Structure formats: structure tokens, C-alpha cells
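[1] okay, predicted coordinates and the sequence, questions at the end:
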Amino acid sequence: MLELQFVTSKLSFNKSDVELLDKEEFIAKLFPVVYILFDETAMCAYIGESTNAKARLTTHLSHIDKSKLKKAYIVSSPLFNKSAALDIESYLIQSMPSLGFNLLNGNAGIANHNYYQKDLYSTLFKNIWSELTFDNVEPKSLLEIKNSDIFKYSPYKTLTQDQFNSSIEILENITTKKKVTTFVNGLAGTGKTILAIYLIKILSDYRSYDNDEFTELDDSLQTAITKLKSNYPDSLSIGFVVPMTSLRNTLKSVFGKVHGLSKKMVIGPSDVVKQKYDLLIVDEAHRLTRRVSITNYRDFDNANKKLGLDNSGTQLDWILKSSKHQVLFYDSEQSIKPADVRKEDFDYIKTLSTSTEIQLVSQLRSKGGKDYISFVDELLNNRLPINHKKFSSTDYELVMFTSMDDMVEQLRKRESEHGLSRMMSGYSWKWVSRANENTPDTVIDGVGLTWNRVSKDWINSTTDATEMGCIHTVQGYDLNFAGVIFGEEITFDKKMKLITVNKEKYFDAKGKAAIRSPEELHNYIIKIYKTMMYRGIKGTYIYACDEGLRDYFSKTIMTKG
């Protein structure tokens, strides 16, 4: 069997043990091998692959940082080809940080391509992983690792072709001496955050690539890094701006665990006024705010004043004023509050000669792919044809429940099987449990439901299927299965055959502030539900409180109950 045909050898990482490597059968025959150099005390590691392991490890012994590592694992197999070895290397690079290891690896050479029997080598990796043990390090299953923040937001992710091409274009923009604003446009799930983190890691490491690693990079990446070294021989001052507090705290934690990155690199929009940056990368740029319905007008006004702006200045203006180059990851369809900087302000920046646009198109989150994303958009915007067939996918589970108890039980089942299965809802009920945690915020079909008990990192704070996250706690995060409750503020008018909203039953006070028209509120609420329905990787379960909305959904969504 393929999955049994491999050998893992553990040795001390020193000159004498490395000299003996050519006695290993597959190494002597110059088969590709994968290796892990590590130090369990310092919790530091380096992962590589080579067809000449002895020569490669001998080179590492003279490296200032790698030579300090104490032990090595060599993974070899008669089944390894170059593509398979690169894939196993990539799996290890993505998995090891979840054990607490800081990797000395750069992230520019991670491969992502198809080859013969690739799926079988993925199975092989599961068996390899089960054999690796490290002193005083608690083992973790691959499921635990894949659900961890350090894995989901790893800078070592393999990129799709459009992500990679985008990264080269962005790096080229940064190396120019002229000020450039780069917009990276992409719908939910197209990998905007992953690309942002990948870029920051490269821009933190570019001066440290040694000749051995550099020559293995793609030619276009070599050229970009060479230009960076020439134009920025010392370093780049970089800030990673994350407008949403919960996601910002999550990413700070991740950056604190990655070699070459630091928590200080992850900042809020108000932090950018403290210094000048060579580059500001803004994730979820559509959530930058203007001077509307905010908690601290005085600080907002002071930030504007410091930058020479009047009170009409926005956080987008702060970004532009505080940096030479900007990369804005943007999706207008995920702007879900009137306080967000308006689309027309972003559109104006796009018209300037100093601006350029890139489009991400590959769907990386939802297993339902572009078909699911388009279906949800058309469903919630009443654009589906009258005789549209029910959504069906072998890779994605979309179900509407008519019983809340059944939906809760299904989410609990998915949580036990896959983890990261959570309930969400529109802002249709007051937050009663905030004052009395024993009082549910709403009761549906006899099931008591409460709003999220914490506002920061809610996703990882609970597995309770009766605890509902709001849009502000889930935007920017991935779930395996998402439960979405369409609350009492959203209905379906059977006469007009349109989805409608009821302002009186929408309880996000800041979400209603500065609304200019009923149509504007309607658009924001639709965007909120779309964003929540895009959270699920493997599936989405929905429940509609309004009977008319249930009837409307039932025509194109499989129903249970």
C-alpha cells in the first residue's frame, strides 16, 4: 500500500551524523527526501526537501541560524518524486507552527501544482504526521491543526495562480519610487487575507534569502526580491491594518507565533497616524470608517487634525496620508454599516493615476465554489429565474430547517465531527442576556438562544450551538459549517415578490445611524446575510423566522423538517 511505503529516520543534527546519511538506502540513491531540522528547547525548526540530503544538510550546518538546531527527521520513500516531496514539504511547513514551532523558512518557494496521484500522497502525509514525535510537545491531529488560527492565517499557504500573479504585481508596485495605491478586489472567500499575510512575510524576509533558497524561487519572484533588496537595502516599514477589533486580536496572536513577524505589525486604523510607513497593507478595507456613529469623536477629530485634515477626513484618508504605498484588500459587498467609508470614496481613489487594480477570482473558502457564491447573491437580491432548480452540490451542504431544534442538533453533530460549526443571526433581537446571562435573547420553537457572550475571538470561545454570533463577531473568519438565522427584521412580501426589511425590528443602533433611505438599510441588511452565508467552508444551514421567506427559500433550497 502506498501509505505504508516510507521511512522516518531521527538523528542528531551535527557533522558526524550527517556524514552517515549516505548509508541510508534512498538517500544514497539520490531519491528526493524531506527533512525537518529542529530544536525542541528553543521550539525552532526548518523544513526542506532535496535529492542530495547529505550535501544540503552539510550546507545548513554552516548557516548562522540553522546550525543551532539540534535534531533532524529525514523522511524518505521509494515512491517520492520531486512533486511529491515538494507537497510533503509544504504540508509540514503549514502544520508545524500549530505545534508551537517557529519556522526559519521563508514562504516564497511553497509549491502548489497538480501531479499524478496527488490525492494519494495527501494520504501518505497523514501517516507520516502520525509518526513524528517531539519531546515535551503535545501532539495534535490534522483536524485540530486545520481548525487552528495559526493554520488558517499561516503565511506559508500555497497560493492559487491568480494569487501568485497578484503577489508579483503588488511587489512590483512597491518597488517603484512613485506612490502607488493597489486595490486587490475580491469577493468573500477569494483569499484576500491569506495573500495579505503571505506578502507581509515575504516583505519581512526578503533580505535574508540565501543563495540556496533564492535560486529555487520562481524567476518573477527572484526579480521582485532583487529589486526590493536594491530599493530597500535596510528594511521596509510595514503596517498591517485590520479595522475589526476581534480579527485584529486574532491576527496579532498569529503574528506573535511566526518567525520574522511580530504582534506590533498588526495595527488598527487609528495607529497609522503615529508614524510614516513605506507600506500599509489594509485587510477588509471596506470596514474602514468615517465620522459617523463612532464611540470617540474627539480622538477621531484629533487624528484628522494631526494629518492636516478637517473633520470630513476618514480612516481611508489616514491610510493615504501616512504611507508611501498602500495595498487595499477590498470588497464593497462586505461593507455592512453606514459608518463604513462609502463606496464612492474608494471609487474616486481608483480613478487616480497613482492607483491600480487587481482582481482575485478563485473561490478558496466555500466548497460550493463560485456556483454557491452566485446562488446566494441572486437569491437574496431576488434575481433568480422563476423556475430555478434547487441548489445542489456534491461538495457543499445547503439546507433550510423548519425546526430550530433540528438545526441546533445538526450543528452539534457537525461540531463533533469537524469542529468550527457555529450559529449566527441577523440583529433581530435586543441583547437582553448582556445584563442577565440566564435570560435568553430570543426563543424560537421552544429553543432559547443567546447572543455571543464575548465580543473578541468569539469563534474560538464556545461550541454552544444555541449561542448566536452577530456579523461583527464573524466577519473575516472561516467556519466549517455555518448556521444562519434570518431574523424578524427580514421578510418576504408575497404580493411584491420581494425580500423586504423592517427597520423597527433591526436592533443594531449603530447599524441604523446615518441611514439615508429605507433602500440603503435594505442593502446593508442583505449584505450582512450574504456575508454570514459565505462563512461556511463545507456547508450552511438556515432558518427563517418569516413564513413568507421560508416559502421563498424552499423553492430553491432543500428543506428539512
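    Noted; the coordinates are in hand.
[2] and the next element down the chain from the helix or strand hosting residue 524?
    For residue 524, the element it lies in under DSSP states H and E is helix 518-533. With elements assigned by DSSP H and E, the helix or strand that comes after helix 518-533 is strand 536-544.
[3] now do that next one: distance to the chain's middle.
    Taking the mean of its C-alpha atoms, strand 536-544 sits 19 Å from the chain's own mean (Cα atoms, centre = their mean, to the nearest Å).
[4] kindly report the same for stretch 43-63.
    Relative to the centre of its chain, stretch 43-63 is centred 30 Å away, using Cα atoms, centre = their mean.
[5] can you offset everything so residue one is 12?
    Renumbered: residue one is now 12, and that last one reads stretch 54-74.
[6] what average pLDDT does that stretch get?
    Confidence for stretch 54-74, expressed as mean pLDDT, is 93.
[7] for it, how far is the first residue from the last?
    18 Å (Cα to Cα, to the nearest Å).
[8] excluding chain neighbours, what is closest to residue 393?
    Using Cβ to Cβ, 6 or more residues apart in numbering and skipping the chain neighbours, the partner closest in space to residue 393 is residue 509 (5.5 Å). For the C-beta atoms, the positions are set from N, CA and C on the backbone; glycine is no exception.
[9] burial count for that neighbour?
    The number of residues packed near residue 509 is 13, by other Cβ atoms under 10 Å.
[10] residue 297 and residue 348, how far apart?
    According to Cβ to Cβ, to the nearest Å, residue 297 and residue 348 sit 10 Å apart.
[11] what does residue 377 give?
    The spacing between residue 377 and residue 348, counted by Cβ to Cβ, is 24 Å.
[12] among the two, which residue is more densely surrounded?
    Neighbour totals were compared for residue 377 and residue 348, and residue 377 leads with 26 against 21 (other Cβ under 10 Å).
[13] contact partners for that one?
    Taking Cβ atoms under 8 Å, 6 or more residues apart in numbering, we find residue 377 in contact with 200, 383-384, 407, 545, 547-548.
[14] what subset of these is buried?
    200, 383-384, 407, 545, 547-548 (16 or more other Cβ atoms under 10 Å).
[15] and the residues you listed, which is closest to residue 111?
    For those, the minimum distance to residue 111 (Cβ to Cβ) is 24.8 Å, reached by residue 548.
[16] can you pull out the low-pLDDT segments for this protein?
    Counting by pLDDT under 70, the chain shows low-confidence ranges at 12-15, 120-128, 221-226.
[17] ramachandran angles for residue 360?
    With angles defined as degrees, to the nearest 10, residue 360 sits at phi -60, psi -40.
[18] ok so, going back, nearest to residue 42, out of the contacts of residue 377: which one, please.
    Top of the list for closeness to residue 42, among the contacts of residue 377 and by Cβ to Cβ, is residue 548 at 35.6 Å.
[19] list the residues that contact that closest one.
    Contacts for residue 548 (Cβ under 8 Å, 6+ apart) come out as 376-378, 489-492.
[20] quick one: it from residue 131, how far?
    In this view, residue 548 and residue 131 are 23 Å apart by Cβ to Cβ.
[21] residue 278 now?
    44 Å.
[22] just the buried residues of stretch 186-206, please?
    Neighbour-count burial for stretch 186-206 flags 186, 191-206 (criterion: 16+ other Cβ under 10 Å).
[23] out of the residues you listed, which are inside strands?
    Counted as lying in strands by DSSP state E, out of these, are 192-196.
[24] bridging residues for residue 432?
    Beta-bridge partners for residue 432, by DSSP bridges, are residue 492.
[25] run a quick neighbour tally on it.
    Counted with other Cβ under 10 Å, residues neighbouring residue 432 total 24.
[26] ok, residue 289 next?
    Number of residues near residue 289 (other Cβ under 10 Å) recorded here: 16.
[27] check contacts around it.
    185, 243, 247-249, 334-336.
[28] quickly note the distance from the nearest residue to residue 144 once chain neighbours are set aside to residue 143.
    Spatial nearest neighbour of residue 144, chain neighbours left out: residue 150 (6.9 Å); criterion: Cβ to Cβ, 6+ apart. According to Cβ to Cβ, residue 150 stands 8 Å off from residue 143.
[29] out of the two, which sits in the more crowded spot?
    Using other Cβ under 10 Å, the more surrounded residue of residue 150 and residue 143 is residue 143, with 18 against 11.
[30] element containing the closest residue to that one other than its chain neighbours, please.
    Excluding its sequence neighbours, the residue lying closest to residue 143 (Cβ to Cβ, 6+ apart) is residue 84, at 6.4 Å. Using DSSP H and E, the element containing residue 84 is strand 82-87.
[31] what are the pairing partners of that strand, and which direction each?
    strand 18-23 (antiparallel), strand 44-50 (antiparallel).
[32] just say which of the ones you listed is most tucked in.
    Mean neighbour count (mean count of other Cβ atoms under 10 Å) peaks for strand 44-50 among the strands paired with strand 82-87, with a mean of 25.
[33] on that earlier part again, shouldn't the residue nearest to residue 144 be within a helix?
    No. Secondary structure of residue 150 (DSSP: H, G, I helix; E, B strand; the rest coil): coil, not part of a helix.
[34] all helices of the stretch 212-361 of the chain, in order?
    Using DSSP state H, counting those that start in this stretch, the helices of the stretch 212-361 of the chain run over 222-225, 230-242, 256-266, 308-317, 326-332, 354-362.
[35] and the buried ones among the contacts of residue 377, which two are the farthest apart?
    That would be 384 and 548, which, of those, are the farthest apart (Cβ to Cβ) at 12.7 Å.
[36] related to what we said a few turns ago, which one of the ones in strands among the buried residues of stretch 186-206 is nearest residue 468?
    Nearest to residue 468 out of these is residue 195 (Cβ to Cβ; 25.5 Å).
[37] my read: that closest one touches residue 372, true?
    No. Using Cβ atoms under 8 Å, residue 195 is not in contact with residue 372; the gap is 11.5 Å.
[38] of the ones in strands among the buried residues of stretch 186-206, closest to residue 36?
    Nearest to residue 36 out of those is residue 195 (Cβ to Cβ; 47.6 Å).
[39] check the gap between that closest one and residue 204 for me.
    In terms of Cβ to Cβ, residue 195 sits 10 Å off from residue 204.
[40] shared neighbours, these two?
    Counting by Cβ under 8 Å, 6+ apart, the residues touching both residue 195 and residue 204 are residue 340.
[41] neighbours around the closest residue to residue 304 other than its chain neighbours, how many?
    In space, residue 304 comes closest to residue 524 once its chain neighbours are excluded; the distance is 3.4 Å by Cβ to Cβ, 6+ apart. Residues contacting residue 524 under the criterion other Cβ under 10 Å number 13.
[42] residue contacts, residue 524?
    By Cβ under 8 Å, 6+ apart, the contact set of residue 524 is 303-304, 349-350.
[43] which one of these is nearest to residue 111?
    In terms of Cβ to Cβ, no member of the contacts of residue 524 lies closer to residue 111 than residue 350, at 38.6 Å.
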